[in-house]
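Trainee: no FASTA, just this:
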């Protein structure tokens, strides 16, 4: 897993994603912009997560604004994965609050 930064001390906000599997949803969005070390949440990746045998590995689901990712996180939690989170505000918030050099985009 790629080295990613940790939670900012005392803020409760994620400044990096160390020790998390960061999974992003739509191929077009992922190809346009993504967080270093994250992976596209494709069908094969989902199957691998479900079949891994470990239900405690930390996973952060990332979408554009943090709304649709909640459904994916709930899906994984409903199937027994215990340490799943959705990045609040999605990759757009990440670009604003963590990585100002990251390109931002709007969904049409």
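Mentor: Great, that's in hand. Here the structure is a predicted model, which means the values were calculated and not measured.

Trainee: drop to CA atoms for contacts and neighbour counts, all remaining ones
Mentor: Fine.

Trainee: next one: the top helix by length along the chain to chain centre, how far?
Mentor: Secondary structure of the chain read by DSSP state H shows that its longest helix is helix 68-78. The chain centre lies 11 Å from the centre of helix 68-78; the measure is CA atoms, centre = their mean, to the nearest Å.

Trainee: point out where the protein drops to low pLDDT.
Mentor: Within the chain, the stretches with pLDDT under 70 are 1-21, 108.

Trainee: for it, what spans make up the helices?
Mentor: Under DSSP H, the chain gives helices at 27-32, 43-51, 68-78, 90-97.

Trainee: okay, now residue 85: neighbour count?
Mentor: For residue 85, the tally of surrounding residues (other CA atoms under 10 Å) stands at 20.

Trainee: buried ones in the longest helix of the chain?
Mentor: Neighbour counts using 16 or more other CA atoms under 10 Å place 69, 70, 72, 73, 76 of helix 68-78 among the buried residues.

Trainee: which among the residues you listed gets closest to residue 93?
Mentor: Closest approach between the buried residues of helix 68-78 and residue 93, by CA to CA: residue 69, at 13.4 Å.

Trainee: residues contacting that closest one?
Mentor: Listed by CA atoms under 8 Å, 6 or more residues apart in numbering, the contact set of residue 69 reads 25, 61, 62, 63, 86, 87, 90.

Trainee: at 10 Å what do you get?
Mentor: Neighbouring residues of residue 69 by CA atoms under 10 Å, 6 or more residues apart in numbering: 23-25, 60-63, 75, 85-90.

Trainee: filter these down to the buried ones, ChimeraX style.
Mentor: Only the buried members of the contacts of residue 69 enter the following ChimeraX selection, criterion being 16+ other CA under 10 Å:
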select :23,24,25,60,61,62,63,85,86,87,88,89,90
